[in-house]
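**Q** Fold the following.
(one chain, ligands or ions: 2)
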Amino acid sequence: MISKLRLNNFRNFKTKLLDFSPEITVIVGPNASGKTNILESIFLLSTGKSFRAHLEEEMVNYDTDISRAKGRTKSDGELTDLEAILTRGLIDIGKSAPEKIARKKLLVNGVAKRLIDFAGNFRVALFGPWDLDLVTESPSLRRKFLDSVLSQVNREYHRSSLSYEKGLRQRNRLLLRIRDEGLSRGQLLFWNRLLVKNGDYIARTRGELIDFINSASSSFQLPISNYQLEYDKSAISEGRLEQYAEEEVAAGTTLVGPHRDDFIFQKLKNSKTQKLESRDLSRFGSRGEQRMSILWLKLAELAFIEEKTGERPTLLLDDIFSELDHKHRDIVKKVSENQQTIITTADPHFIEGFKKVEKIKLGG
Ligand SMILES: Nc1ncnc2c1ncn2[C@@H]1O[C@H](COP(=O)(O)OP(=O)(O)O)[C@@H](O)[C@H]1O
Ligand SMILES: [Mg+2]
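**A** Ligands and ions are numbered 1, 2, ... in the order given. Sure, this is the predicted structure:
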């Protein structure tokens, strides 16, 4: 859990100190007061990344060159200081030309760390209105979901996916050169091996997560249970790469592998019999059902992280109450009591009836 947060020149905050309850903290403020910015900084301390900035320097306050977010976290009784320092890559030190500096620095207890060693020291599950597009929007969003959950709990997965992405870029570049410059295909061998090795691990681990989510309904008694995911896997192997060799060169891109994975939301008629009612919630589900299935997925995510780490992650809820109906607000309310939860809302009446809530008010 996170107990303290200090922001310096992070987005709209010049300096801001926040204390969080080990139970529920509600951040109340009008639109554009910086509620989502605070959750973004907490997510940054958890994963080393933003969930919304296209370029990370967007998080640096407009008027300054350096932004800092520092948090005190606690896990298993042990205190850890996590800090992220962001810049635009250049800093004015009063000389004629600005000096180059690192764009991002991540520190654990004051010691600089690589992304892979920084991420996962403190774990969160984030739920915001944008998640409601997960059922219907593009596969890349769903892959991002899988990656973000798995990278938090499995360092080997995180390493594999970083290595796979890097290898994929190199391999695609080579495919273009094979097509355009007539380079020999033998050059692909090294990258084939790297992608098959990492891709296989990624697919297996994603499969385990999806299996867990599907079984969580019954084993964890989730309050919503009649949904299921179907993994639409793009398997990678030497044989499959061989099979698509010519098409790949023509397309100049890698056509099989986990970067083409997807999963489908399905609704079950009856969770006991696991009988399928409709194949695909993105096509046959109502908007309400799609929302419910996202809530179900998020509850399963909490259960998964707990199962893998022995600890519930901090739940971050960004302005979701206006998106949910009464029944589902009640489910969220109940779940909020099971771990540290930080909620943002513009409308405090949504949190009436919540127990043990500490409030933080933001100005306009
Ligand atoms: N780099 C930045 N520097 C200064 N202000 C910023 C920066 N990025 C975003 N903002 C400001 O933050 C505000 C939005 O904050 P946000 O957390 O999305 O608000 P809320 O969630 O409370 O509606 C906007 O007013 C925007 O102009
Ligand atoms: Mg917001």
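
**Q** only C-alpha atoms for contact and neighbour calcs from this point on.
**A** OK.

**Q** who's in contact with the host helix or strand of residue 229?
**A** Per DSSP states H and E: residue 229 is located in strand 227-232. With contact meaning CA atoms under 8 Å, 6 or more residues apart in numbering, strand 227-232 is reached by 207, 210, 213-214, 261-268, 271, 293, 296.

**Q** Same check on stretch 100-116?
**A** By CA under 8 Å, 6+ apart, stretch 100-116 touches 48, 57, 80-91, 118, 155, 158-159.

**Q** Of those, grab the buried ones for ChimeraX.
**A** Listed next is the ChimeraX selection for buried residues among the contacts of stretch 100-116, using 16 or more other CA atoms under 10 Å:
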select :48,57,80,81,82,83,84,85,86,87,88,91,118,158,159
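
**Q** Inside helices: which ones of the contacts of stretch 100-116?
**A** 118, 155, 158-159 (DSSP state H).

**Q** Surely residue 180 is in a helix?
**A** Yes: Residue 180: assigned to a helix according to DSSP: H, G, I helix; E, B strand; the rest coil.

**Q** Against residue 250, how distant is it?
**A** Here the criterion is CA to CA, to the nearest Å. By it, residue 180 lies 10 Å from residue 250.

**Q** same check, this time on residue 349
**A** Distance from residue 349 to residue 250, by CA to CA: 58 Å.

**Q** ok, these two, which is more surrounded?
**A** Neighbours were counted for residue 349 and for residue 250 using other CA atoms under 10 Å; residue 250 has more, 13 against 8.

**Q** For residue 6, give me phi and psi.
**A** phi -130, psi 120 (degrees, to the nearest 10).

**Q** Spatially nearest residue to it (excluding sequence neighbours)?
**A** Distance criterion CA to CA, 6 or more residues apart in numbering; nearest residue to residue 6, sequence neighbours excluded, is residue 17 at 4.6 Å.

**Q** which SS class is that neighbour?
**A** Put simply, residue 17 is strand when judged by three-state DSSP.

**Q** Please report the distance of it from residue 47.
**A** From residue 17 to residue 47 the distance is 21 Å (CA to CA).

**Q** quick one, which of the two is more surrounded?
**A** residue 47 (23 against 12).

**Q** what about that one, distance to residue 147?
**A** Taking CA to CA, one finds residue 47 at 11 Å from residue 147.

**Q** now swap in residue 327 and tell me
**A** Using CA to CA, one gets 30 Å for the distance from residue 327 to residue 147.

**Q** In this structure, where is pLDDT below threshold?
**A** Scanning the chain for pLDDT under 70 picks out 218-223, 270-279, 364.

**Q** Enumerate the residues of it near ligand 1.
**A** Selection of the chain residues close to ligand 1 by CA under 6 Å from any ligand atom yields 11-12, 30-37, 58-62.

**Q** Buried ones among the residues you listed?
**A** Using 16+ other CA under 10 Å as the burial test, the residues of the chain next to ligand 1 include 11-12, 33-37, 58-61 as buried.

**Q** Name the nearest of these relative to residue 72.
**A** Ranked by distance to residue 72 (CA to CA), those are led by residue 37 at 17.7 Å.

**Q** who touches the residue nearest to that closest one when sequence neighbours are not counted in this structure?
**A** Excluding its sequence neighbours, the residue lying closest to residue 37 (CA to CA, 6+ apart) is residue 11, at 6.7 Å. Residue 11 is in contact with 34, 37, 58-62, counting by CA under 8 Å, 6+ apart.

**Q** and the gap between the closest residue to ligand 1 within the stretch 51-200 of the chain and residue 9?
**A** At 3.4 Å from ligand 1, residue 61 is the closest residue in the stretch 51-200 of the chain, using CA to the nearest ligand atom. Distance, residue 61 to residue 9, by CA to CA: 5 Å.

**Q** okay, and the common contacts of those two?
**A** The contact lists of residue 61 and residue 9 share residue 67, where a contact means CA under 8 Å, 6+ apart.

**Q** Could you say which helix or strand holds residue 240?
**A** Here residue 240 is assigned to helix 238-243, by DSSP H and E.

**Q** State the next helix or strand along the chain beyond that helix.
**A** Following helix 238-243 toward the C-terminus (DSSP H and E): helix 245-251.

**Q** Can you tell me how far the most centrally placed residue in the chain is from residue 172?
**A** Among the residues of the chain, the one closest to the centroid is residue 148, at 3.6 Å (CA atoms, centre = their mean). Distance, residue 148 to residue 172, by CA to CA: 24 Å.
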